[in-house]
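K.L.:
quick check, what structure comes out for this input:
(2 chains)
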Amino acid sequence: MYWTQTFIPTLKETPADAEIVSHQLLLRAGLVRKLTGGLYTFLPMGLRVLRKIERIVREELDRAGGIEVLMPALQPADLWRQSERYETMRDVLFKVKDCAQREWVLGPTHEEVITQLCAAEISSYRQLPKNFYQIQTKFRDEIRPRFGLMRAKEFVMKDAYSFDATDEGAMASYRKMYDAYTRIFARCGLRAFPVEADTGVIGGSHSHEFMVPAETGENDVVYCESGVYAANIEKATSRGPTVATPTVSTGAVPERFPTPGVVTIEALAAAPYGVEAHRQIKTLVQVADGQVILILMRGDDQLNEAKLMARTGAMQVRPATPEECVAALGARPGSLGAVSGVPATVKVYADEALRGACGMTTGANEDGWHCRNIDLERDIRVTQWADFRTVKVGELCGTSGLPLKIRRAIEVGHVFKLGTKYSDKLNATFLSEDGQRHSLVMGCYGIGVTRTLQAVIEQGHDKDGIVWPVTVAPFEVCLTPLGVAPGAPTRVAAEELYAALVAAGIEVILDDRDERPGVKFKDSELVGFPLRVGFGEKSLAKGEVEFRPRGGVLEPVKVADAAARVIAWVQAERARLQ
RNA sequence: CGGGACGUAGCUCAGCCUGGUAGAGCGCUUGGUUUGGGGCCAAGAAGUCGCAGGUUCAAAUCCUGUCGUCCCGACCA
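P.N.:
Modelled structure (predicted):
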């Protein structure tokens, strides 16, 4: 490809509406342009990268036994009602009506469609296992699209769905995809690692996310330095709080004391009260699927909403309003407690960190009063104990016993073992060897292809621009003749090398623009081609060209050796990322 | 949906407080010059100042509304 024959609109200045570096570079390097919030046009260089990532995904999924299909993005609303996700996912569903007023949704994911297909087509264990995948544009009405391609209303996703006869088979399918994902991200030059994950509205029992460490990520990952444990903070557990909960009872009975104006943990911990946060019981009122519930946490702990939903099975949870608190317990937030005045119909969930807690202080359910000498299991009716707390840095790993750390990360892939949630609802069954009818056992697997593209940039850049791994770079080599007049020695030499490289299967772009050297150098570094070969009059007079890997040092190479040298370099880079 | 910031030329921004004929740099066009890291000189094209209403002799500037963008939160495979 010749530079003047394609379209690479680079920007010298940083666009004002791009906050993070990968978003800025997407725009500056001319990979994409924004149509409006959350919607982007892929320009030639961006599209080439996208296609190369897709190709890696296809090769690895095919190798893992995946079968490629293409499903409709436009889907009947009734199918979503049948799976009950028309309600549970209503906030992200784009809904449209046709001219006959029939209702449709733009697919945010395809469990319903693929399950419907398999319900119709699969009837025998002899047809199993199967693993279907597609690479397709998905639509999600994100409340807040942000960071360019990271969270968009429309994005390219690889989604795969496995169907097995047995649970063991489903685990094997899951494992295959897990391994394929590991290879896919490695080949993209991404340092991505799997972490245990919450299953969210997709449902299912077993799940891992593939995370790319980055400060700009939207996820917190809890991990152990030893490498034995890593989990999304929504799922992560530890051996518990660093400071133990007091569990020795003094035998004292609960006693009310006045605390005018005290409505925070911090205020009660300060003078004159001096009740340390870990000796307080925080009483949280939440509305779960319309029901008021109480959650008791240690004062220094934070409620983990994902855990709350997982443990209670609720689809929608929100904090109660102050009015709802007064209606349920008779006091406002800050003075709430579960010691007395809790209606029998209100479920009380308590966090495991409070097991056996003694000598605790909590709200008295009357504004301006607290209650001390609480022995939790003696004084409070608990409906259910569970782990609701958010893990904190420094707590000990449940496996290794080493202190846990937390870092930000970008989620680029997610694998789920689904079980029979969708096959049950959509009646996708088969006959087993013994003639019994069973539901298909499913798994589903996603990779955000466009998000992966941006994650590669987020991880691979420097002050001059993008630093592409050779496997996903828009072109592997950029030839930069400084003089481009027809017949100029620099141009002739560049064209000869171009022909040799193209013949050898190297992806090469020749910068034939009549621009000053500085412009061409800056642009090649901004767009981030892995290798640049420069052709200047001075070095050419010495029979040399300039070989310069992106981010590396310049090295003179004899013209006669240039083709072989470039081919060897590219092949070595390709091999390194296999 | 709650909080905040911002909408002026293709891009980055100034001008607004204190109302009085629309500005700079980059980019673009033309000519000259230069030619190894986003050059220099000259000339030029380019903006209903997001939109609507109001105040005023007069609004980019003040007021109200509205739309859009970005950030934080909430939410989210």
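K.L.:
so the residue most central in space within chain A: helix, strand or coil?
P.N.:
Residue closest to the average C-alpha location in chain A (Cα atoms, centre = their mean): A:E411, at 1.9 Å. Following DSSP: H, G, I helix; E, B strand; the rest coil, A:E411 is assigned to strand.
K.L.:
which ones are touching it?
P.N.:
A:209-211, A:217-219, A:448, A:451 (Cβ atoms under 8 Å, 6 or more residues apart in numbering). Where you see a C-beta, it was placed from the backbone N, CA and C, and this is true even at glycine.
K.L.:
can you name the residues bridging to it?
P.N.:
Beta bridges link A:E411 to A:M211, judged by DSSP bridges.
K.L.:
for the contacts of A:E411, which single residue is the most surrounded?
P.N.:
Taking other Cβ atoms under 10 Å as the neighbour criterion, A:M211 ranks highest of the contacts of A:E411 with 29 neighbours.
K.L.:
distance check, that one against A:V492.
P.N.:
From A:M211 across to A:V492, the span is 49 Å (Cβ to Cβ, to the nearest Å).
K.L.:
so which helix or strand takes in the residue in the stretch 351-500 of chain A positioned nearest to RNA strand B?
P.N.:
At 2.5 Å from RNA strand B, A:G446 is the closest residue in the stretch 351-500 of chain A, using Cβ to the nearest atom of the strand. According to DSSP states H and E, A:G446 maps onto strand A:441-448.
K.L.:
what's the answer for A:Y422, then?
P.N.:
Here A:Y422 is assigned to helix A:421-425, by DSSP H and E.
K.L.:
quickly check: that helix near RNA strand B or not.
P.N.:
No - Helix A:421-425 is not in contact with RNA strand B by Cβ under 7 Å from any atom of the strand; minimum separation 13.2 Å.
K.L.:
quick check: next helix or strand after that helix?
P.N.:
Next helix or strand after helix A:421-425 toward the C-terminus (DSSP H and E): strand A:429-431.
K.L.:
what average pLDDT does the very next helix or strand once past that next one get?
P.N.:
Per DSSP H and E, strand A:429-431 leads on to strand A:437-439 as the next helix or strand towards the C-terminus. Averaged across strand A:437-439, the pLDDT comes to 97.
K.L.:
what's the answer for stretch A:396-405, then?
P.N.:
Stretch A:396-405 comes out with an average pLDDT of 95.
K.L.:
next, the closest residue in space to A:E121 that isn't next to it in sequence: phi, psi?
P.N.:
Nearest-residue entry for A:E121: A:Q127, 7.9 Å, with adjacent residues in sequence omitted and distances by Cβ to Cβ, 6 or more residues apart in numbering. Phi and psi for A:Q127, reported as degrees, to the nearest 10, are phi -90, psi 0.
K.L.:
I'd say A:Q127 and A:F430 touch.
P.N.:
Yes - applying Cβ atoms under 8 Å as the test, A:Q127 and A:F430 come out as touching, 7.2 Å apart.
K.L.:
who does the residue lying closest to A:H206 once chain neighbours are set aside bridge with?
P.N.:
Distance criterion Cβ to Cβ, 6+ apart; nearest residue to A:H206, sequence neighbours excluded, is A:K417 at 3.8 Å. Using DSSP bridges, the beta-bridge partners of A:K417 come out as A:H206, A:G443.
K.L.:
and A:K417, how far from A:Y161?
P.N.:
For A:K417, the distance to A:Y161 equals 12 Å [Cβ to Cβ].
K.L.:
neighbour count winner among the two?
P.N.:
A:Y161 (30 against 24).
K.L.:
so how far is the host helix or strand of the more buried one off the chain centroid?
P.N.:
In this structure, A:Y161 sits in strand A:154-164 according to DSSP H and E. Put simply, strand A:154-164 sits 14 Å off its chain's centre (Cα atoms, centre = their mean, to the nearest Å).
K.L.:
now the closest residue to RNA strand B within chain A: closest residue in space that isn't a chain neighbour?
P.N.:
Closest approach between chain A and RNA strand B, counting by Cβ to the nearest atom of the strand: A:G536, at 1.4 Å. Take A:G536 and drop its neighbours on the chain: the residue closest to it by Cβ to Cβ, 6+ apart is A:L482, 4.8 Å away.
K.L.:
follow-up on the earlier one: give the next helix or strand downstream of the strand holding A:Y161.
P.N.:
Where DSSP H and E defines the elements, the next helix or strand beyond strand A:154-164 is helix A:167-187.
K.L.:
isn't the residue of chain A closest to RNA strand B right up against A:R491?
P.N.:
No - A:G536 is beyond contact range of A:R491, at 11.7 Å (criterion: Cβ under 8 Å).
K.L.:
so the host helix or strand of A:Q454 versus helix A:167-187, what angle?
P.N.:
For A:Q454, the host element (DSSP H and E) is helix A:449-459. In terms of direction (axes from the mean of the first three to the mean of the last three Cα atoms, to 10 degrees), helix A:449-459 departs from helix A:167-187 by 50 degrees.
K.L.:
tell me which residues are up against the helix holding A:Y422.
P.N.:
A:82-84, A:111-112, A:115, A:118-119, A:163, A:203-204, A:428-429, A:439-442.
K.L.:
generate a ChimeraX selection restricted to the buried subset of these.
P.N.:
Typed into ChimeraX, the line below selects the buried ones among those, using 16 or more other Cβ atoms under 10 Å:
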select /A:82,83,111,112,115,118,119,163,203,204,428,429,439,440,441,442
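K.L.:
please name the residues that touch the residue nearest to A:T166 when sequence neighbours are not counted.
P.N.:
Counting by Cβ to Cβ, 6+ apart, A:V441 is the residue found nearest to A:T166 once chain neighbours are left out, at 6.4 Å. Contact analysis of A:V441 by Cβ under 8 Å, 6+ apart lists A:163-167, A:169-170, A:418-420, A:423.
K.L.:
change it to 6 Å
P.N.:
Going by Cβ atoms under 6 Å, 6 or more residues apart in numbering, A:V441 touches A:164, A:167, A:170.
K.L.:
ditto for A:V156
P.N.:
Contacts of A:V156 (Cβ under 6 Å, 6+ apart): A:137, A:449-450.
K.L.:
that concludes my questions; thank you for your assistance.
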